[in-house]
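1. Sequence and computational prediction follow.
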Amino acid sequence: MNIVMITYIVYILLSLVITVWVAQTLFRNGRIFVIDAFGGNETMADAVNHLLLVGFYLINIGFVSMYLSYGAKPTTTVDAMEYISIKIGVVLLVLGAMHFFNIFNFAKMRGKNRRKQESVETAVPTNTPSD
């Protein structure tokens with residue numbers, strides 16, 4: 001096996017391990033935020049959380065696969081280390097960008113739900129005894 005093949009295998013394996021770890025961490029620890037964004041509807045939140053997980057895998061594994069061929073092929077061990085470093089760095093930036101995109105959208109949904117709940121609470125008269 002030549003240095004290019006070894007470099008590609010290391011890149012793919014590292015990228016997949018990082019992607020799976022990030023996806024599972026977000027899936028497990030993000031559940032409470034998704035539930036909150038969906039106003040406590042756990043069934044809907046769990047379904048959306050699972051769909052987000054699948055989408056996360058599809059986008060990131062697709063990106064890792066497509067990004068493999070970009071750049072000059074390494075010819076030395078130093079080139080191979082730099083190649084892997086740059087590729088993994090870009091994969092981490094993409095993962096981080098996706099994470100912040102999701103957090104931004106959940107924050108918007110959460111705010112919308114809170115405003116909706118507040119408007120319902122103020123519209124419903126309370127039965128208080130009059131003096």
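-> That came through, no problem. Quick caveat, the model's predicted, so the values are computed rather than measured.
2. all contacts plus neighbour counts: C-alpha atoms, from now on.
-> Will do.
3. Next, name the residue at the spatial heart of this structure.
-> residue 99 (4.0 Å; Cα atoms, centre = their mean).
4. Can you pull out the low-pLDDT segments for the protein?
-> 123-131 (pLDDT under 70).
5. Let me see the ranges of the helices in it.
-> All helices of the chain, identified by DSSP state H, fall at 3-37, 42-67, 77-123.
6. quick one: the first one to helix 42-67, angle?
-> This means helix 3-37. In terms of direction (axes from the mean of the first three to the mean of the last three Cα atoms, to 10 degrees), helix 3-37 departs from helix 42-67 by 160 degrees.
7. In helix 3-37, which residues are buried?
-> For helix 3-37, a neighbour-count test (16 or more other Cα atoms under 10 Å) marks 4, 7-8, 11-12, 15-16, 18-20, 22-23, 26-27, 31-37 as buried.
8. Surely residue 109 and residue 37 touch.
-> Yes: the pair residue 109 and residue 37 passes the contact test of Cα atoms under 8 Å, sitting 5.4 Å apart.
9. Residue 27 reaches residue 50, doesn't it?
-> Yes: if you go by Cα under 8 Å, residue 27 and residue 50 touch, sitting 7.5 Å apart.
10. Okay, buried residues for stretch 41-55 please.
-> 45, 46, 48, 49, 52, 53.
11. so the last one makes contact with residue 28?
-> If I follow you right, that is residue 53. No: contact criterion Cα under 8 Å: residue 53 and residue 28 do not qualify, at 10.1 Å.
12. Could you pull up phi and psi at residue 74?
-> Dihedral angles of residue 74 (phi, psi; degrees, to the nearest 10) stand at phi -70, psi 140.
13. Once you drop chain neighbours, what's closest to it?
-> residue 80 (5.0 Å; Cα to Cα, 6 or more residues apart in numbering).
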